[in-house]
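1. Sequence first, predicted model second:
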Amino acid sequence: MTTKNNKFKVIGTRPIRHDGTDKVTGRAQYGADFSMPRMLSGKILRSPHAHAKIISIDTSSAEKIHGVEAIITGKDLPETANSDGEDRKVTLGELSTDLKYLREGIMATEKAVFKGQPIAAVAATNVHIAEEACKAIKISYEVLDAVITAPEAMKANAPIIQEDLRTTELGEKLNSQTNIAEHLQDKLGDVDKGFDESDIVIEREFNTSTVHQGYIEPHNCVAHWRDDGRIHIWNTTQGPFNVRDATAEVLNVSLSAVKLTPLEIGGGFGGKFEPYLEPVAAILSKKTGRPVKIVMTRSEELEATGPTPGSNIRVKIGATKEGKLVAAEAVLKYEAGAFPGSPVAAAAACVFAPYNIPNQSVDGYDVLVNKTKTAAYRAPGATNAEFASETIIDELAHKLNIDPIEFRLMNASNEGTRATDGTKFHNIGLTEVLEAMKNDPHYKSDLSKPKTQNKIRGRGVAVGFWMNAGLQSSVNLALNQDGTVNLTEGSPDIGGSRTSISMQAAEVLGIKAEDVHPSVVDTDSIGYTFGTGGSRTTFATGWAAYEAAKDLKNKMIERAALIWDVDSNLVSMNDGVLNTNGSKNKSMTFKELAIEMNGSGGPIMGQGTVDPKGVGKSFAGLIVDIELDTETGKTQILKVTCVQDCGKAIHPSYVEGQMQGGTVQGIGWALNEEYYMDRNAKMSNNSLLDYRMPTSLDLPMINTVIVEVPNEGHPFGVRGVGEVNIVAPPAAIANAISDAAKIRMEVLPMNPQAVLKTINENNRKL
Amino acid sequence: MKWIDYASPNSIKEAVALLSNKNTVARAMAGGTDLIVQLRAAPERIGNPDVVVDIKNIPELNEINLDSKGLTLGSAVPMYKIYNNESITASYPALQDSTSLVGGIQIQGRASVGGNLCNSAPSGDTIPTLIALNATCKVDGPNGSRDLKVEDFCTGPGKSVLENGEILISIHIPAPSKGSGSSYLRFIPRNEMDIAVVGVGTSISLDGDIVKSVKVALASVGPTPILVSDAEKIIGKSIEDEDTLKIAGEAAKNAATPITDMRGTIEFRKHLCDVLTRRTLKIATERARGN
Amino acid sequence: MTKGSNSTNGYKVIGTRPIRHDGYDKVTGKALYGADFSISGLLFGKILRSPHAHAKILSIDTSAVENMDGVKAIVTSQDLPQTNWTKEKDAIMAKTKVLYKGHPIAGVAAINHHIAEEALKLINVEYEILPAILTAPEGLDPSSPLIDETKKNNISNHVKHELGNIKKGFEKSDVIVERTFDTATVHQGYIEPHNATVDWNSSVQDEKVNIWVSTQSSFDIRGRTAEILHLDPSKIKTTPMEIGGGFGAKFDPYACPVAALLSKKTGKPVKIVHTRKEEFESTGPTPGSNIKIKIGATKEGKILAAEATLAYEDGAFPGGVVSAGALCAFATYDIENVLINGYDVLVNKPSTSAYRAPGATNSNVGTETVIDEIAEKLEMDPIEFRLINASKEGVRRADGPKHPSIGVIEVLNAMKKHPHYNEPLPEATDINRGVAIGFWMNGAGPSSINLSVHPDGRINLIEGSTDIGGSRASIAMMVAEVLGIKAEDVTPSVVDTDKIGYTSGTGGSSVTYKAGVAGHIAATNLKKSLIERAASIWGVSPKTVSMENGILFSTKDKSLSISLKNLAKDLNDTGGPIISNGATNPSGAAPSISGHIIDVKVDKETGKIDIVKCTIFQDVGKAIHPDYVEGQMQGGTVQGIGWALNEEYFYNNDSYEMANPTFLDYRMPLALDLPMINTEIIEVPNPAHPFGVRGVGEASITSPPAAIANAIYRITGIRVNQLPIKPSLLMESIKK
Amino acid sequence: MATVFIPSLMIDMTSGKQRIEVPGSNVRDIINSIDKLYPGVKGRLVENHKIKPNISVAVDGEISPLGILEKVAPNSEVHFIPAVGGGAN
Amino acid sequence: MSKKIHVKTTINSEEVEFLCEPRQSLLECLRDIVGLTGSKEGCNDGNCGACTVNLDGRIVDSCLVFGVEVDGKEVNTIEGVAYKDELHPIQKAFLENAALQCGICTPGFIVASKALLERNPNPTEKDVRFWLAGNLCRCTGYDKIVRAVLDAAEKMRVN
């Protein structure tokens, strides 16, 4: 469902995406498809231990293998301390990181802090030889105790992962050794008083597993350290500029020494911002004078890239018997992995965001554990936290005998509501989303009856919140003589953004989307553009395209004025036609002016750069029907409807695609996906066979309802659409399981074994 | 992957010669869907082979013979040829059950029942079915050929009775008796593309409601597939009697010796042995009755 | 006026000699030229060409090839869009008639080029051979066969320029010299043959044709290929690869449309690379010509009248270069009475194209030898005589317009004062010295530049001008100059036609001029944005902020100052990225004047000619990167020497087939054939360019033939009337 | 005067005050104003002339990409909140 | 160490010869030797289907086939699905139904779907889901992919 809007000619239509043909014919070049003459293959030797001192590394027999061209270890990476001996901090994207941590993540020097951490790397004439050489490198370790969950790592006697780590509290560093990198806190009102005033208070503790983004294309890169000192990198990344900057910092070269060409990208979901391979390939290339390609295996992907954290979450919410939420408290303990940087701050901002609760207290802990460093994953942090809060909200509604959507509507955040951090919401669409859910035929329909015995059915709902991001984007436009426009941008296109950005330019110019030719270019060829993530691309790069199109339009108006010899104030351009209402009263089409371009003053280009405010926060809700096998504990999804406020859907097909994709990732997270860690802190299920992402057979069609509450901050009303849809599914499914089996799930994944165990613990005879 | 040599013999004799060469470690490959993965990920677990002997070009190993005595399957026959063969699936529905759920369509285009057996994984989906259907297999080698029961074939995870140089030639399943039915079910958290948490293959033959014979075999709950001998306690009982299924389920539960791992705990797996045994017996019964 | 090769005029970057940005790739073999491009599924194309210079096509039978193993597609003119049939299409593949030997008939795509080549031999074409013509005088003969039967004669273009009263001018003249010259067809001789890889993607709603090609003009390739294929230009994306020389010849799409049609038919990318023989026979050389020059002067040395009749070979299709030849013929001199008639004449040779100052060298060899002869007759120093008559700003050219700023006098003065001119000749009688000057008006055209700021303060520069001789560096230097940073801190990229605004080709000595103007606009815009950003950070008015030497500072508060490097780091926290662009079609490309002093040695027994010493003088306006300016001067000079002495399209009697289509027989100069080429850069700034740039690429070729001819006269007493001045011809004249 | 909301982890520096009204036309001025009242606040929030990396400033509910340069109106609300990260979201 | 092996095969109806090491998978041979990079590697152990090709009429995971095995056989890849400049109806349906986001799994899905529709021109939603269970997609949630295959089936039946 899309709101009809006659205001727009292009926006809201569904043109075929510009890169589509290349992608259905196999022509599209992804990172691993790129190759160069004389290219070598690189392979990374990784720690088999989750926590171990490196005593010695002996590469001598590996070096003798025919075809091995270079071997490097952590010592080959540049020092990270500045001249004062202090560790350099680098700002990558929004956050600053200790360069040392970044470097250790790329290759360990003194100790390995997670299984899969790179220890050495080989460049050889083919990947098989490189692999053999890795096996021939002898490393002796002193294995240390490992810790893999946040609560364990927070214990006083827990093994210390980073000796120099101290807890930060809002810019202040505390004094003792710890695994807690950061403690953050938000307080609103008086939470103790709030609970006193509550008639009903529910408190539960939840544990969620580490899960992976599961993009189908593994990380890859080709690096070529050239003779002129510049380093060319071809890879697939969500953030060409982010990876360029990080790679340059690690290699201790000037940022512009690195030229990064982003190739087509096979999924990211937040996981492809990090420079895992690039510095390694670059150093191998420097040592050999040849381009070096490294492609990760799937087990490397799972063990050594950045999944989203497992977490321990305690949530307590109180309400009056009339159904008014009064107080809420959360303690969020998020695994950072072996280096600081979990998404706990986002979790804190999201956990109670859907509700107007006068008294709130949220404490968040960013906790180091002996796992690979986490990275972003679609609304990072939010799904864990809102799984907890939305489950309790559902329980409150049931206990108070209020319809769960009605209960949410009674307490929904609206414009002006103060959020946990004290800021006030601008225009948001939660009420509209909840109304749409309530009125959806799916919600109004009766739950169908199971067809076989031992099966029970249930329906659940939940909503999710995500704040979305703005950040920097640049777009260039150039007019062609045939009346089409070339568009260059720096945002890698993961899911059709080339088209949604082109459509915004086309809308301004009054031409067709097909008449814009978009290209995603390398970091030498466009202004700084933050990566494709945070649901920001259609919002911010689209906005830059809007600005560039306005610039181009103005220049075309000036050109027409010159041709007609009238004041440019008298010329206007609407729907791709230039007019003057002055004395001469002339008109010409976009195309006609384009033909005249070179004879009337030369080429016409437009440009736009933005670092926008006005980011539209977004809400999505899910209605889900499930069937539970009471004998096996297995949950089957029967029917699902995702409702999301998109502000304005530029290309509804790809908005739906985001909603469907996010929903299904949420379903996978809810039901099966997890890092199953064995006793030695090693992941047992490091393959796509055992990591069990949903297949087509596990799912029904994913119904979508697009709600459009325009974001007043964006020229076309766009809100980011990429992330919030993952948030509600785990809670909605948990609530559906509760509806069917009258149990409350406190873990993710809610796999058959966990569900059966909960049923048994509740001693329910079903 | 370390270097391997590849050989593609045209006769069993040649294959046996290659496999029994003392200077090399050779492994036979049919569909390769297990072997290639192992060569890449953990060659040490299969003895670090340096030669792969592709047996798909040996005519005998690709044969399918269905006659009054039963079904003989060459060891290299890919799964899709089995479940697409209506004569086979009509007589051996459990074989259809198990061959059509190994991997996805892509895997079924290559993987063979023989390979599944030789791989001897505790979770091998076709093995409980073969055991339940009283299958035997024919092995050839440097010291001549021999026949043995499938239930005696596997000796441990990834281990079998095959000796150096030996090759599985074919599997024979006797013709089903009248009034019999079979079924295979596995439990997986996903609906396809998964490894059995528990797999159960059963066959049953009935005289009216009375159980004439029954065979239950389990996958994924021990180092090898397990034949549940105690299930035969239900012989002579009425299948309509609720206790009958319970007895069989309980027998399966007791026969299972699972471990706790990423796929499930001991308790969960034993529980599932019970559930799946009852469910497969129900299905097999319905099939026996021609429903 | 500044003379000298290393002047910076107070500039920080301009006039220095940084290492060119693309240099490393080129000295290591890593640079990717057109033929180096490869793509998965690639097929190889070959073109069947006419063996006859002029013939009707009776039939084309491809049946023997159609089922040949490895052959994937065959195309003929029937596969070209049949609407708007144009000459241009006919040039791509002949439809009814072949007009020169080498005229394309059909294209074949196969899995390798050997199979494609075999296939060509099996295509059976029946011809009806027609009489052919090879030279302009033949073509002007009313009885000659018509190349285009729809026309009355073979003249495709006639230009006429008249100034004053030519008749009266000659009447008043005390001395008149009239001579006729024949010059042979010559080829640009770039080392890299033409190439094109084309991938035609059709989709549900759209076509997208990708072309990877070595070209002087990616946008021309796009536009002309689109026209031939009847597509909108933006359906084509042309990616210019590194280019291995062009000198004017790499503007035409030759193989691109053929490869495109083959790609469309096969659904696969197709690559076509010319052989050297195809280069000579089927690309665009510069025309042979017949030139009549008549000049009259007073005994005081004032030229009163000049007349030129120029007949240039057009090749098989209209579009010759006589207009430029006519424009340049007397442009260096201030002459009251002038008459110029120029004719482009169709002949059965490949269609000519540009070659460094196209047309000018032909007419100039006539003018400058006649000028030399008059000076001799008047017993005046040849430079002095030229100075008396030298053109200057405001003088009206024969074709109408007045000269803008022009450096004829400055060049002549520099020559006159130069040690080379003043040093005594060796005693030997077989060595002597000749001088000549030459003119080229230079071009401009639309140009687009994008700039963006790296967080480390370096600047990215995106341009559409393909870089043949270091223009990436010179444009980057101009941008660096505006911003007060180093050339190395600008990173230039030449990008495909989807990624930059329209940019006309690298030719007509236009790039450093036009892209320089665009770069200056873009850099100025960028500087303005940087100033505004600094002002906003400091909370002051942008009017009080300045930027010099890469430092931004407040003109009012000394404590407020930040380097570009430091500001760049903070851009993302202070309002976002900064980018800028410059798009322009500037007027005001000013002419460049060259002059040569050449010492020549003639072996009077064999007629063999050696260049002993050579100095070139050229007004470049402002030398942005003197190394590459000198390179242009030297390269042009040597091409002029080759043209003068040996290069020619040689046709045996009664044959219409070029006899020497190899580098062995075409005899371009070797390192061994040449002395060092001394260069004197003269800088008369072009007021229309922010840094005074004039184009430098072409004028240098125009004067060597005349200077050599004038030296030969001083040795042998013979006024040569033919190019090349082959030993055989010279011996014949000496004997006479 | 803009209203500044003091984060709970910082109220030890403002004698327990949770809201402070201070003058200033941009965030830089605001922080300087608070620092005059409660010395040390600036050091807690600002480093190298920028808001510390893991802290964000929100003016009237919007996280500002401009940080200390962000304009503040007389009736604005200013919040200092934990920067949202966890990789580059 | 032994030598490389000469393989003569038919790829997308064309005879192709190449030299490969016995340990190289068909996927490696297609991508790194033959230069056909349309088939993608997502897991290299047969669990994602991104490398799906058609081998003698059956879809297989090309990462689980040795290159040497295809000697004398017929391989069809994504590059051979379109007929010259005409897209296959399945390819068109994927575009029109927006059945791709990042596109990396798309070649595998199209090759697999084509094999399905060749066997079963009128599949149910369940048939499609079952057949495609060996192909993972992480972006779309499969909804639009299933729709595209059903849509293509319908259009192919009409034509």
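-> Right, received. Where do you want to start?
2. now chain E, which segments are flagged as low pLDDT?
-> For chain E, the stretches with pLDDT under 70 are E:1-2.
3. so how far is C:A184 from the closest residue to chain A within it?
-> Nearest residue of chain E to chain A: E:G38, at 2.2 Å (CB to the nearest CB). Glycine gets a C-beta too; all of them are placed from N, C-alpha and C. E:G38 is 52 Å from C:A184, where distance means CB to CB, to the nearest Å.
4. Compare the two (neighbour count), which wins?
-> E:G38 (30 against 22; other CB atoms under 10 Å in any protein chain shown).
5. And chain A, split by domain according to the record?
-> A:34-144+A:217-266+A:272-304, A:311-468+A:616-761, A:470-610 (automatic domain parsing).
6. The longest one near chain B at all?
-> Put plainly, it is domain A:311-468+A:616-761. Yes. Against chain B, domain A:311-468+A:616-761 shows contacts by CB under 8 Å from any CB of the partner chain at A:631-632, A:634, A:671-672, A:676, A:678, A:684-685, A:689-690, A:692, A:694-695, A:697-698, A:751-753, A:756-757.
7. Weed out the non-buried ones from those.
-> By neighbour count, with 16 or more other CB atoms under 10 Å in any protein chain shown, the residues of domain A:311-468+A:616-761 next to chain B hold A:631-632, A:634, A:671-672, A:676, A:685, A:689-690, A:692, A:694-695, A:697-698, A:751-753, A:756-757 as buried.
8. So for whichever helix or strand C:E532 is part of, mean pLDDT?
-> In the assignment (DSSP states H and E), C:E532 maps to helix C:511-538. For helix C:511-538, the mean pLDDT works out to 96.
9. Which neighbouring elements make contact with the helix or strand just after it?
-> Elements were assigned by DSSP H and E; along the chain past helix C:511-538, the next helix or strand is strand C:545-548. With contacts taken as 3 or more CB pairs under 8 Å, 6 or more residues apart in numbering or on different chains; DSSP states H and E, strand C:545-548 sits against helix C:511-538, strand C:551-554.
10. Name the stretch among the ones you listed that sits most buried.
-> Across the helices and strands packed on strand C:545-548, averaging neighbours per residue (mean count of other CB atoms under 10 Å in any protein chain shown) puts helix C:511-538 on top, at a mean of 24.
11. that older thread, let's have the domains of chain A in a markdown table, adding mean pLDDT and distance to C:G470.
-> Below are the domains of chain A laid out as a markdown table (pLDDT from 0 to 100; distance: least, CB to CB, whole Å):
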| stretch | mean pLDDT | distance to C:G470 |
| --- | --- | --- |
| domain A:34-144+A:217-266+A:272-304 | 94 | 15 |
| domain A:311-468+A:616-761 | 97 | 43 |
| domain A:470-610 | 94 | 18 |
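12. dump the residue contacts of residue 280.
-> Here I'm looking at chain A. Taking CB atoms under 8 Å, 6 or more residues apart in numbering or on different chains as the criterion, A:V280 is in contact with A:G42, A:I44, A:I72, A:I106, A:M107, A:P118, A:A121, A:I294.
13. please go with chain C instead
-> Per CB under 8 Å, 6+ apart, neighbours of C:F280: C:H187, C:Y649, C:M658, C:N660, C:P661, C:T662, C:Y666.
14. Go through those and name the one nearest chain D.
-> For these, the nearest to chain D is C:H187 (56.0 Å; CB to the nearest CB).
15. who touches the closest one in this structure?
-> C:A249, C:E279, C:F280, C:T283, C:P285, C:T286, C:Y355, C:E647, C:Y649, C:Y666.
16. Got the domain ranges for chain E?
-> E:5-80, E:89-158.
17. As CSV, these with distance to chain B would be great.
-> Shown next, in CSV, are the domains of chain E (distance: least, CB to the nearest CB, whole Å):
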stretch, distance to chain B
domain E:5-80, 4
domain E:89-158, 2
